[in-house]
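S.K.: just to be clear, the model below is a prediction. Sequence and coordinates:
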Amino acid sequence: MSAATKAASKAKVTTPTDREIRIERVFDAPRDRVWRAFTDPKLLAQWWGRGNKLVIEKFELERGGHWRFVEHGPEGKHGFEGRFREVTPKDRVVQTFEWDGMPGYVIIETMELTDLGDGRTKILTVSLFHTTEERDGMLQSGMEEGLNQSYEALDRLLATMD
Amino acid sequence: MDRTFAAISDPTRRGILQRLGRGDASISDLAALFDMTLTGMKKHVALLEDAGLVATEKVGRVRTCRLGPQRLDAEAAWMHTYQQMVDARLDRLGKFLERTKGEAS
């Protein structure tokens, strides 16, 4: 392996918050090829799964579109799916990601491709984790806040009535 | 990685990890909590132990369970596994791009 390809395969993983994983990596390929590898189901099936047979059941590459991949491993099937939230060709994809094994644990994945101008491409993926518990928690705190605001408004109203 | 997948893909096993996050428990405690036979609970615990998520110790006739060396609950284990999965996937993408270099597509 040449020094250039070695450098190209180095990943930078950071966790800015305990809910977020950021992975940055440079590939020794032009942006067009990288984009095709991600968006042509025939190419995608060749590397996405962990060496297992990958069945792409759905791949509606557009805002709101549904994607679903099923990996057929020796120990059983693993289904992964989500919806596309944003698709900007060759530039940026935002999608939800859920594994059948942990339903309700939704990850929001953002992928950005940057043309480095020298035939290489940088991929940045940011994965944000949400859980049902967290959503419920947010809902509760949101309601609490709303309630407090109502009380404050009531206080103000009552003050003007003195 | 597949062991973690198998270990956390079951709601009972996720519940066990959640319970052990609050403190150690014996197999019979867990069996009672999840309304299950001892044999059934032993199988779940064995799968979690196999994935390194749970450690057990037998003192006298009681087998005590606690979170494994990594102290991961189900959600943290999933985040950890997910990160490894994405990282390995990007490895494969790199190899794929190298392999198909120069191919007209």
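M.R.: On my side now, so go ahead.
S.K.: use CA for all of it now, contacts and neighbours both
M.R.: Noted.
S.K.: which parts of the chain are helices?
M.R.: Answering for chain A, as no chain was given. Using DSSP state H, the helices of chain A run over residues A:3-8, A:31-39, A:41-44, A:132-160.
S.K.: nope, chain B please
M.R.: Secondary structure of chain B (DSSP H): helices at B:2-8, B:11-21, B:27-33, B:38-50, B:74-99.
S.K.: and chain A, which of these is closest to it?
M.R.: helix B:74-99 (5.6 Å; Cα to the nearest Cα).
S.K.: list the buried residues in the closest one.
M.R.: Within helix B:74-99, the residues that qualify as buried are B:74-75, B:77-79, B:81-83, B:85, B:87, B:89-94, B:96-97, counting by 16 or more other Cα atoms under 10 Å in any protein chain shown.
S.K.: go on, stretch B:36-44?
M.R.: Across stretch B:36-44, burial judged by 16+ other Cα under 10 Å covers B:41, B:42, B:44.
S.K.: any idea what sits nearest the spatially most central residue of chain A, other than its immediate chain neighbours?
M.R.: Most central in chain A under Cα atoms, centre = their mean is residue A:109, positioned 0.9 Å from the mean C-alpha point. With Cα to Cα, 6 or more residues apart in numbering or on different chains as the criterion, residue A:109 has its nearest non-adjacent residue at 4.5 Å, and that residue is residue A:127.
S.K.: ok, now residue A:77?
M.R.: Excluding its sequence neighbours, the residue lying closest to residue A:77 (Cα to Cα, 6+ apart) is residue A:71, at 5.6 Å.
S.K.: what's around that neighbour, how many residues?
M.R.: Using other Cα atoms under 10 Å in any protein chain shown, residue A:71 is surrounded by 20 other residues.
S.K.: contact partners for it?
M.R.: By Cα atoms under 8 Å, 6 or more residues apart in numbering or on different chains, residue A:71 lies in contact with A:49, A:50, A:52, A:53, A:54, A:55, A:77, A:78, A:79.
S.K.: give me the beta-bridge partners of the fourth one?
M.R.: By that I understand residue A:53. When bridges are called by DSSP bridges, residue A:53 pairs up with residue A:72.
S.K.: thought it was touching residue A:73?
M.R.: Yes. The pair residue A:53 / residue A:73 is scored as a contact, 7.0 Å apart, by Cα atoms under 8 Å.
S.K.: pLDDT below threshold where in chain B?
M.R.: Within chain B, the stretches with pLDDT under 70 are B:1, B:104-105.
S.K.: what parts of it come near chain A?
M.R.: Contacts of chain B with chain A, taken as Cα under 8 Å from any Cα of the partner chain, map to B:5, B:8-10, B:79, B:83, B:87, B:89, B:91-94, B:96-98, B:101.
S.K.: mind redoing it with 7 Å?
M.R.: Within chain B, the residues that sit near chain A (Cα under 7 Å from any Cα of the partner chain) are B:9, B:89, B:92, B:93, B:94, B:96, B:97.
S.K.: wouldn't the third one be in contact with residue A:47 here?
M.R.: Yes. Under the criterion of Cα atoms under 7 Å, residue B:92 lies in contact with residue A:47, with a separation of 5.6 Å.
S.K.: thinking again about what came up before, out of the residues of chain B next to chain A, which is nearest to residue B:17?
M.R.: Distance ranking of the residues of chain B next to chain A against residue B:17, using Cα to Cα, places residue B:9 first at 11.9 Å.
S.K.: in space, what's closest to that closest one - neighbours in sequence excluded?
M.R.: With Cα to Cα, 6+ apart as the criterion, residue B:9 has its nearest non-adjacent residue at 4.2 Å, and that residue is residue A:101.
S.K.: list phi and psi for that neighbour.
M.R.: phi -70, psi -20 (degrees, to the nearest 10).
S.K.: what about it, neighbour count?
M.R.: Using other Cα under 10 Å, residue A:101 is surrounded by 19 other residues.
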